[in-house]
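*Asks:* no sequence on this one, just coordinates:
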């Protein structure tokens with residue numbers, strides 16, 4: 001195996017080794033049970049943190065989707081569409097005058 005220089009290369013090598021059960025067995029074959037247990041606990045800690053982060057993200061996305069649905073239902077109940085809102089917001093803004101810039105020769 002060649003020398004890994006960047007984090008991306010190191011991550012790719014680690015994933016290559018850890019994605020194969022036989023590679024994992026060979027890697028841990030000479031470790032004591034207690035050492036393997038420590039490693040498993042550390043991996044579980046990282047996994048649980050990532051899972052919690054992902055679950056929080058999914059819950060936030062679900063809450064946003066729910067709010068969007070409520071607003072869409074409210075608009076429909078009032079007989080409005082998103083296009084009506086877009087038209088209203090563009091109609092209220094005045095076109096800006098372009099600045100004339102003299103070209104230097």
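*Replies:* That came in fine, so what should we check first? It should be emphasised that the depicted structure is a prediction, and the values quoted were computed from it without experimental measurement. Residues are numbered from 1 along each chain as shown.
*Asks:* After the longest helix seen in the chain, which helix or strand is next?
*Replies:* The longest helix of the chain (DSSP state H) is helix 33-77. Sequence order places helix 82-92 as the next helix or strand after helix 33-77, per DSSP states H and E.
*Asks:* For that following helix, which helices and strands make contact with it?
*Replies:* helix 33-77 (3 or more C-beta pairs under 8 Å, 6 or more residues apart in numbering; DSSP states H and E). Using the backbone N, CA and C atoms, a C-beta is placed for each residue, glycine as well.
*Asks:* got any ranges where this structure has weak pLDDT?
*Replies:* Low-confidence segments of the chain, defined by pLDDT under 70, span residues 1-4, 91-95, 105.
*Asks:* Domains in it, by residue range?
*Replies:* Listed by automatic domain parsing, the domain ranges of the chain are 1-30, 32-91.
*Asks:* so how far is the last one off the chain centroid?
*Replies:* Put plainly, it is domain 32-91. 10 Å (C-alpha atoms, centre = their mean, to the nearest Å).
*Asks:* Pull the number of nearby residues for residue 80.
*Replies:* Around residue 80 there are 13 other residues, counting by other C-beta atoms under 10 Å.
*Asks:* Ramachandran coordinates for it?
*Replies:* phi -110, psi 160 (degrees, to the nearest 10).
*Asks:* if we can go back for a sec, can you check what angle separates the longest helix of the chain from helix 82-92?
*Replies:* Helix 33-77 runs at 70 degrees relative to helix 82-92, counting by axes from the mean of the first three to the mean of the last three C-alpha atoms, to 10 degrees.
*Asks:* Helix 33-77 - contacts with which helices or strands?
*Replies:* Applying 3+ C-beta pairs under 8 Å, 6+ apart, we find helix 33-77 packed against helix 82-92.
*Asks:* What are the buried residues along the helix it packs on?
*Replies:* For helix 82-92, a neighbour-count test (16 or more other C-beta atoms under 10 Å) marks nothing as buried.
*Asks:* Thanks a lot, see you next time.
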